[in-house]
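Engineer: Sequence and computational prediction follow.
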Amino acid sequence: MANYLVTGGAGFIGSNLVNDLIKEHKVVVIDNCSMGKVENLDHSSNLKFIKGDVTDYTLMERILKNKNFDYIFHLAAIASVADSVERPVETHQVNFDSVFQLLERVRKYQPFLKRFVFSSSAAVYGDESTLPKQEESVIRPLTTYAIDKFSAEKFVLMYNNLYGVPTCVARFFNVYGPRQNPSSSYSGVISKCMDCFEKMKDNSNVKFTLFGDGKQSRDFVFVKDVIYALQIISEHPNSLGEVYNVGVGKATTLLELFSIIEGILGKNLPVSYEKARFGDIKESFADIAKLSALGYKPKYTMRKGMEEYILYFNQNSKKI
Ligand SMILES: NC(=O)c1ccc[n+]([C@@H]2O[C@H](COP(=O)([O-])OP(=O)(O)OC[C@H]3O[C@@H](n4cnc5c(N)ncnc54)[C@H](O)[C@@H]3O)[C@@H](O)[C@H]2O)c1
């Protein structure tokens, strides 16, 4: 039984990770519930939930000073690119400063730590058009969010090089699955699409607003594959000091995605087409060779992931 600290553990990816870990391990979660919810977490004597902010450095110092952790996953972030554009200073405090401060406390107080995993984003690649994205591809971050993620990555790796803190980085592509919050402007096309199907029950005039022609593509990765990737990245000896793309290594267009969802539900999604937004990236998908070399192989096709996601919706009184 190992000891884990998961920041942002009540959010979408965090709660999926924590609910898996508490089956066998002790987990401390810190989350300010700005986006996440305690209800996302299963009840377990292995779980300790702390409602708090990762920018509260007195609290963070207390947590890190008083307990030895084996693994730390730093997932807490203002995960909305739009928010980072609206409030660059506040998001920088969470998305960059908290990482730096946490690393420093880990260096001081966590001599037995096996791994610190930082959750970064494919947003760091920006609008450079070479595909697929490799970890060493050109980095062209375009927003405060992406710049903060990339700068934080650099500090995370520097703490490994200079101070021997056992760190590594996971760059998530477009994650989808249960407990994704559709009200987040970051939550992406899939949860917004599910939200639209749900609203259609009460209002037949609801339409899904699609910016562009639907031929834009993304690397959609089911959250359970992300948890599986995080487990490999945190435990594999070769991942120390390294950066990994986390995706499925395949591009799916939005039109293909809608067709999969419509096929499962047996319903059409009414779409209202709008002009593509300035700065929207047309295509993106990951090269996952580096992660595959550690033994990762995605278990979920788009169809299988969507079937499981829809089943979750229907079991949680949101029948669509
Ligand atoms: N979902 C994706 O597709 C995706 C893609 C790339 C990167 N990421 C990254 O993965 C991580 C998890 O993202 P998610 O999709 O689960 O988002 P999320 O918003 O569901 O999770 C983030 C969690 O952090 C918490 N949080 C925010 N600010 C905090 C603070 N100051 N102190 C303590 N807790 C705070 C929120 O309440 C939330 O529970 C983030 O770092 C995000 O940037 C996600």
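Structural biologist: Received the coordinates, thanks. Numbers count the residues shown, from 1 in each chain.

Engineer: neighbours of P141, just the number please.
Structural biologist: Taking other CB atoms under 10 Å as the neighbour definition, P141 ends up with a count of 18. Every C-beta, even on glycine, is put in place using the N, C-alpha and C of the backbone.

Engineer: in terms of contact, does it touch G126 like I think?
Structural biologist: Yes - with contacts counted by CB atoms under 8 Å, P141 reaches G126, the gap being 5.2 Å.

Engineer: so G36 touches G9, yeah?
Structural biologist: Yes - counting by CB under 8 Å, a contact exists between G36 and G9, whose distance comes to 7.4 Å.

Engineer: Between these two, which contacts overlap?
Structural biologist: Shared between the contact lists of G36 and G9 (criterion: CB atoms under 8 Å, 6 or more residues apart in numbering) are residues S15.

Engineer: ok, those two, which is more surrounded?
Structural biologist: With other CB under 10 Å as the criterion, G36 and G9 differ in neighbour count, and G9 comes out ahead with 30 against 23.

Engineer: The ligand versus that one, what's the distance?
Structural biologist: For G9, the distance to the ligand under the criterion CB to the nearest ligand atom, to the nearest Å works out to 7 Å.

Engineer: so what's that residue closest to, chain neighbours aside?
Structural biologist: Distances taken as CB to CB, 6 or more residues apart in numbering put V29 closest to G9, at 3.3 Å, once the chain neighbours are dropped.

Engineer: and what of L59?
Structural biologist: Counting by CB to CB, 6+ apart, the nearest residue to L59 once its immediate chain neighbours are dropped is G52, at 4.9 Å.

Engineer: residues contacting that neighbour?
Structural biologist: G52 makes contact with 30-32, 59 under the criterion CB under 8 Å, 6+ apart.

Engineer: who in the chain is up against the ligand?
Structural biologist: Contacts of the chain with the ligand, taken as CB under 6 Å from any ligand atom, map to 8, 10-14, 30-36, 53-55, 75-79, 94, 119, 121, 172, 174-175, 181, 184.

Engineer: Can you spell out the domain ranges of the protein, please?
Structural biologist: For the chain, the domain assignment from automatic domain parsing gives the residue ranges 3-175+221-246, 176-218+250-284+299-315.

Engineer: Need the mean per-residue confidence for the first one.
Structural biologist: I take that to be domain 3-175+221-246. For domain 3-175+221-246, the mean per-residue pLDDT is 97.

Engineer: so is V165 in a helix, a strand, or just coil?
Structural biologist: Secondary structure assignment for V165 (DSSP: H, G, I helix; E, B strand; the rest coil): coil.

Engineer: What about the closest residue to it other than its chain neighbours, how many residues nearby?
Structural biologist: By the measure of CB to CB, 6+ apart, the closest residue to V165 outside its immediate chain neighbours is Y159, 4.2 Å from it. For Y159, the count of nearby residues is 23 (other CB under 10 Å).

Engineer: Pairing partners for the host helix or strand of the residue nearest to G9, with directions?
Structural biologist: In the assignment (DSSP states H and E), V29 maps to strand 26-31. In the sheet containing strand 26-31, its partner strands are strand 3-7 (parallel), strand 47-51 (parallel), by DSSP bridges.
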